[in-house]
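Trainee: no sequence for this one, just the structure:
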Ligand code: AMP
Ligand code: MG
């Protein structure tokens, strides 16, 4: 087991040990937000036929030569083509056909004149423009060609993907399984939210924030409750988590007298890959895997302080769960942001500084959320970004530019629609 490693070494060790879960089939109606486990090729051409983009008249352009606002060309309306029509007649020279949006363009027609540029009287239509070649015709296959790979494995399915899959006739799709994450908290001071906090007890908020972090990225949390600070209770709860894909515990992983997590992990056959990461918040982080057969759950022993627990989840558990769930993009967007104030620290550990983000013209300004103590959960509430303050650095002067992980996708939300 390695100890006192850098954040990037820790992340590399986590990802190297992280498997990708298998697939399951789902009804398309349940697939929003899931990660596609198959490449999807089209068995059809979309649109299937050349069709009209407008309500109007299908014509041969040659028949409209010389048409203008004051000099219409008058053509007989030979037939009508509604959407969904089949066995559409050919358009003979010198004729127009009434056509509705989405209806197949009759063979012989090479443009559609929109209704607004015509005037119909009985079975004749006056055309007031010369259409461009193919104007208002949506070509067969302009969206999708038969045999084309439309979606690749690893794609997270959003509303447009769901619509496309339905167009391709895919009412059932293969998606990656969602990682099941057993969550347990440890500490004699902890109670559930409706518990008695007399005598300085505190609510196990980590259970809630970690479960929410799991849900947010599509993993399934399974709550194992609060373990007392005894080896036997901890062991029983860790064993209850062995059926999960990942076990995430918080607290009891430091060097205190009652920090039994590391001993218990050894006892249940968890091989620790590392303990202790040179970062702040979150030094006492343990990571390993149960069993030697590459099938046991990954185990993250997160620090107990609420900010440390969330931050170590964010930096290490999150990418691991995304990879398990088949995702290719494992990381948050990073913006270059201008610092509003000078930040200082001792060299040695990488600092993950909670910041608010604000747009200032074309740049982004980062401001510390204030007290960066690992017990101040409010610093996470206000945080829109996590500024990366390199391990060796001692000072980031005001006005300098730094990389910030964006954890609030709404940080660019506008107060007006922009149109
Ligand atoms: P420990 O790692 O057990 O020394 O815990 C470090 C700090 O985190 C202590 O102040 C604990 O009270 C606090 N803590 C531990 N577990 C939780 C939890 N589940 N929710 C909120 N705070 C916790
Ligand atoms: Mg404790």
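Mentor: Nice, I can see it. Every value quoted in this text rests on a predicted model; they were computed, and no experiment measured them. Ligands and ions are numbered 1, 2, ... in the order given.

Trainee: which residue packs closest to the residue in the stretch 201-350 of the chain positioned nearest to ligand 2, ignoring adjacent ones?
Mentor: Across the stretch 201-350 of the chain, the shortest distance to ligand 2 (CB to the ion) belongs to residue 251, at 4.5 Å. Using the backbone N, CA and C atoms, a C-beta is placed for each residue, glycine as well. Counting by CB to CB, 6 or more residues apart in numbering, residue 304 is the residue found nearest to residue 251 once chain neighbours are left out, at 2.8 Å.

Trainee: Kindly report the same for residue 147.
Mentor: With CB to CB, 6+ apart as the criterion, residue 147 has its nearest non-adjacent residue at 6.1 Å, and that residue is residue 41.

Trainee: What does the pLDDT read for the one you found?
Mentor: Per-residue confidence (pLDDT) for residue 41: 98.

Trainee: cool, and the one 10 residues further on?
Mentor: At residue 51 the predicted local distance difference test score is 98.

Trainee: Return the set of residues that bridge with it.
Mentor: Using DSSP bridges, the beta-bridge partners of residue 51 come out as residue 104, residue 138.

Trainee: Might you report the residue contacts of the closest residue to ligand 2 within the stretch 151-300 of the chain?
Mentor: Taking CB to the ion as the measure, the stretch 151-300 of the chain has residue 187 as its residue closest to ligand 2, at 3.9 Å. Each residue near residue 187 by CB atoms under 8 Å, 6 or more residues apart in numbering is listed here: 204, 226, 227, 229, 251, 252, 304.

Trainee: try residue 371
Mentor: 378, 379.

Trainee: Likewise for residue 321?
Mentor: By CB under 8 Å, 6+ apart, the contact set of residue 321 is 179, 181, 214, 217, 218, 219, 246.

Trainee: how many neighbours does the nearest residue to residue 259 once chain neighbours are set aside have?
Mentor: Ranked by CB to CB, 6+ apart and with sequence neighbours excluded, the top spatial neighbour of residue 259 is residue 252, at 4.9 Å. Burial of residue 252, expressed as a neighbour count using other CB atoms under 10 Å, amounts to 24.

Trainee: my guess is residue 384 meets residue 355, correct?
Mentor: Yes - at 7.0 Å, residue 384 and residue 355 qualify as touching, with contact defined as CB atoms under 8 Å.

Trainee: Comparing those two, which residue is more hemmed in?
Mentor: Counting neighbours by other CB under 10 Å for residue 384 and for residue 355 shows that residue 355 has the greater number, 28 against 21.

Trainee: The stretch 301-419 of the chain: helices as residue ranges?
Mentor: Listed in chain order, the helices of the stretch 301-419 of the chain (DSSP state H, counting those that start in this stretch) span residues 306-312, 318-324, 378-382.

Trainee: What lies in contact with stretch 62-73?
Mentor: Stretch 62-73 is touched from outside by 75, 93-96, 111, 113, 119, 126-131, with contacts defined as CB under 8 Å, 6+ apart.

Trainee: Which positions within it qualify as buried?
Mentor: Judged by neighbour count (16 or more other CB atoms under 10 Å), stretch 62-73 contains these buried residues: 63, 64, 67, 72, 73.

Trainee: and if you look at stretch 20-31?
Mentor: 21, 23, 28, 31.

Trainee: Looking at these, point me to the pair that's furthest apart.
Mentor: Pairwise distances across those (CB to CB) peak at 20.3 Å, for the pair 21 and 28.

Trainee: if we can go back for a sec, does the residue nearest to residue 147 really touch residue 144, like I thought?
Mentor: No - distance between residue 41 and residue 144: 9.8 Å, which falls outside the contact criterion (CB under 8 Å).

Trainee: Spit out the residues that contact the two alike.
Mentor: residue 150.

Trainee: Which one of the two is surrounded by more residues?
Mentor: Between residue 41 and residue 144, counting by other CB under 10 Å, residue 144 is the more crowded of the two (18 against 14).

Trainee: May I have the beta-bridge partners of the more buried one?
Mentor: When bridges are called by DSSP bridges, residue 144 pairs up with residue 46.

Trainee: Return the residues in contact with it.
Mentor: By CB under 8 Å, 6+ apart, the residues touching residue 144 are 42, 44, 45, 46, 150, 164, 167, 168.

Trainee: separation between it and ligand 2?
Mentor: For residue 144, the distance to ligand 2 under the criterion CB to the ion, to the nearest Å works out to 57 Å.

Trainee: pLDDT wise, what is that residue at?
Mentor: Value for residue 144, per-residue pLDDT: 98.

Trainee: next one: residue 1
Mentor: Among the per-residue scores, residue 1 holds a pLDDT of 89.

Trainee: doesn't residue 276 make contact with it?
Mentor: No - applying CB under 8 Å, one finds residue 1 not in contact with residue 276, separated by 9.6 Å.

Trainee: number of nearby residues for residue 344?
Mentor: As a burial measure, the neighbour count of residue 344 was computed by other CB under 10 Å and equals 10.

Trainee: for the residue nearest to it when sequence neighbours are not counted, what are its contacts?
Mentor: Taking CB to CB, 6+ apart, and ignoring the residues beside it in sequence, residue 344 has residue 395 as its nearest neighbour in space, at 5.1 Å. Taking CB under 8 Å, 6+ apart as the criterion, residue 395 is in contact with 342, 343, 344.
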